[in-house]
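[1] generate a structure from the sequence data that follows.
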Amino acid sequence: MTSSAYATPEDEYWYNVSTQEELPIAGEIDLSVDLESLESFFRGLAEQTTESAAIAFVASRLRQDSDLFDNIRQFLGVSNKRAYLELSYLASRTPHPTQDSGLCGCYPWTLARHPMTFFTRLLNGRQGKEVASVASTMIATYLLGKGLQQAAVGFSVAKRSLMELIFERLIAPKEIQQKAAKRRGHGCEAALARVASETGAEIVPDNRATNPMGANDPHIDLDTMEFNDRVAGHTHAFDLVITQQNKPRILCQSLIHTSDPGQYGVDKSNETVAIKQRVKAWNDAHPERPIELWGLVDGVGFSENKPDTINKLIHNFDHFIQLKTLYKLPLRLHLMGLLQIQAVNFSDFYSAEDVIAIKAAYVADGIQVLHGADSPAQLKSVLAGEAAVLV
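    Coordinates of the predicted model:
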């Protein structure tokens with residue numbers, strides 16, 4: 001009996017797809033909130049009886065503690081990105097107290113995006129008391145325009161247990177979603193790089209597993225298939241490159257989508273098709289050093305538009321890998337002669353029929369295939385998704 005889950009590449013992808021919660025997040029996301037300080041703030045603001053008094057109160061508290069803004073905007077349902085984009089707009093149109101420009105140094109016709117750290121620096125007085133005063137008034141007016149005083153009246157009488165519940169159940173999940181999207185991609189890249197390194201593959205960058213957020217993407221000249229400095233329109237960045245004798249052999253793109261990939265996903269899929277054509281042209285002309293294009297792909301978000309995203313991707317990659325199928329990396333490298341695998345031990349996630357299908361598709365002759373059994377103690381075991389690879 002054959003496994004229906006491996007009838008097509010598409011079936012394999014959806015069978016092995018990971019939920020959002022299963023995809024690792026690179027680094028740590030700080031979601032702490034100072035509820036005691038926030039409660040005091042809400043009580044004080046609720047006592048203000050005029051608009052001018054409310055602006056003065058909020059501005060004063062922001063100058064005393066610039067970090068307070070981040071806590072406030074979360075309880076107003078305003079994302080960090082929305083806040084800094086709207087404040088960038090306002091700052092370009094708020095006169096600077098000591099120079100001929102907007103508060104941020106821009107003019108309305110030269111508006112630039114400024115991160116929230118820029119505005120907190122304005123509040124803390126490092127650019128002078130006049131700047132801090134104007135900035136705090138601008139930001140206070142912005143927050144009150146978002147309904148801050150009405151919110152303060154309600155939150156000022158809420159019990160601490162209710163405030164904690166609101167944060168944990170309504171605010172924190174939203175903040176994590178916004179902050180974790182890119183970090184999940186980096187977390188998956190780190191997992192792939194770890195398996196590559198621990199099984200003996202040569203990878204660039206060599207610190208992708210240990211520093212996924214800080215590792216620099218390598219750039220490849222697709223005409224020469226050599227590493228090169230970034231040249232816009234000429235080189236292409238990859239998330240991981242596997243080398244042989246210090247020359248690129250496998251170019252790996254990472255595309256992780258837990259929500260609708262939108263036009264970005266369609267564009268990246270089209271870009272993959274173009275890169276594949278370049279790789280094919282190279283291989284036709286240089287059979288002595290063939291290049292493979294791999295994809296690290298995962299996430300249920302691709303279900304929003306299968307034909308223009310994941311289906312197109314997996315049929316243009318020479319090899320695609322998911323978080324559950326990280327074992328496919330060393331198994332393929334073994335077939336290419338880039339490392340040696342002794343055995344692979346599949347978890348109980350797979351049925352006996354699944355293992356037969358995986359073996360037929362990806363496991364070279366001579367590699368021992370185990371299924372839920374104890375791994376030989378004398379061999380090094382590398383956890384690779386839903387299997388342990390033994391080297």
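
[2] which residues in the stretch 151-300 of the chain form strands?
    Taking DSSP state E, counting those that start in this stretch, the strands of the stretch 151-300 of the chain run over residues 202-204, 219-221, 226-227, 235-237, 240-244, 247-256, 292-298.

[3] got the domain ranges for this protein?
    35-158, 180-323 (automatic domain parsing).

[4] would a markdown table of those with mean pLDDT be doable?
    Below are those laid out as a markdown table (pLDDT from 0 to 100):
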| stretch | mean pLDDT |
| --- | --- |
| domain 35-158 | 95 |
| domain 180-323 | 94 |
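
[5] need those in TSV (columns: distance to Ser351).
    Any C-beta I mention is one placed from the backbone N, CA and C, and that applies to glycine too. Putting the domains of the chain into TSV (distance: least, CB to CB, whole Å) gives the following:
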stretch	distance to Ser351
domain 35-158	43
domain 180-323	18
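
[6] export those domains to CSV and tack on distance to Gln340 and mean neighbour count?
    What follows is the domains of the chain, written out as CSV (distance: least, CB to CB, whole Å; neighbours: other CB atoms under 10 Å):
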stretch, distance to Gln340, mean neighbour count
domain 35-158, 47, 17
domain 180-323, 8, 18
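
[7] quick one: closest of those domains to Ser375.
    Within the domains of the chain, the stretch nearest Ser375 is domain 180-323; the backing value is 14.2 Å (CB to CB).

[8] for that closest one, what is the distance to the chain centroid?
    15 Å (CA atoms, centre = their mean, to the nearest Å).

[9] for it, measure first residue to last.
    Counting by CA to CA, to the nearest Å, you get 17 Å between the two ends of domain 180-323.

[10] likewise stretch 301-318?
    End-to-end distance for stretch 301-318, by CA to CA: 22 Å.

[11] could you give the backbone dihedrals for Ser381?
    Here is the backbone geometry of Ser381 (degrees, to the nearest 10): phi -110, psi 130.

[12] quick one: contacts for Leu85?
    Residues near Leu85 by CB atoms under 8 Å, 6 or more residues apart in numbering: Arg113.

[13] following the helix or strand where it lies, which helix or strand comes up?
    Per DSSP states H and E: Leu85 is located in helix 80-92. Counting by DSSP H and E, the next helix or strand C-terminal to helix 80-92 is helix 116-123.

[14] that next one to helix 80-92, inter-axis angle?
    50 degrees (axes from the mean of the first three to the mean of the last three CA atoms, to 10 degrees).

[15] what's the helix or strand just after helix 116-123 in contact with?
    Downstream of helix 116-123, the first helix or strand assigned by DSSP H and E is helix 129-145. Contact partners of helix 129-145, identified using CB under 8 Å, 6+ apart, comprise 51, 54-60, 62-63, 69, 72-73, 76, 86-87, 90-91, 94-98, 103, 119, 122-125.

[16] tell me which of the strands of the stretch 151-300 of the chain sits nearest to Ala112.
    strand 235-237 (24.6 Å).

[17] partner strands of that closest one, parallel or antiparallel?
    strand 219-221 (antiparallel) (DSSP bridges).

[18] from the middle of its chain, how far away would stretch 61-74 be?
    Centroid displacement of stretch 61-74 relative to its chain, using CA atoms, centre = their mean, is 27 Å.

[19] from one end of that stretch to the other, what's the distance?
    Counting by CA to CA, you get 17 Å between the two ends of stretch 61-74.

[20] show me where this structure has helices.
    9-16, 35-46, 51-64, 68-75, 80-92, 116-123, 129-145, 148-155, 160-166, 172-198, 262-285, 310-314, 328-335, 352-362 (DSSP state H).

[21] and the angle from the fifth one to helix 172-198?
    Relative orientation of helix 80-92 versus helix 172-198 (the same axes, to 10 degrees): 110 degrees.

[22] send over helix 80-92 as PDB, restricted to the C-alpha atoms.
    Extracted in PDB, the C-alpha atoms of helix 80-92 (Å, rounded to 0.1, in the frame of the first residue of the first chain):
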ATOM      1  CA  ASN A  80       4.200  50.000  16.700                       C
ATOM      2  CA  LYS A  81       4.500  50.400  12.900                       C
ATOM      3  CA  ARG A  82       1.200  52.400  12.700                       C
ATOM      4  CA  ALA A  83       2.400  54.600  15.500                       C
ATOM      5  CA  TYR A  84       5.800  55.500  14.100                       C
ATOM      6  CA  LEU A  85       4.400  56.100  10.600                       C
ATOM      7  CA  GLU A  86       1.700  58.400  11.800                       C
ATOM      8  CA  LEU A  87       4.100  60.200  14.100                       C
ATOM      9  CA  SER A  88       6.600  60.600  11.300                       C
ATOM     10  CA  TYR A  89       3.800  62.300   9.300                       C
ATOM     11  CA  LEU A  90       2.900  64.600  12.200                       C
ATOM     12  CA  ALA A  91       6.600  65.400  13.000                       C
ATOM     13  CA  SER A  92       7.200  66.600   9.500                       C
END
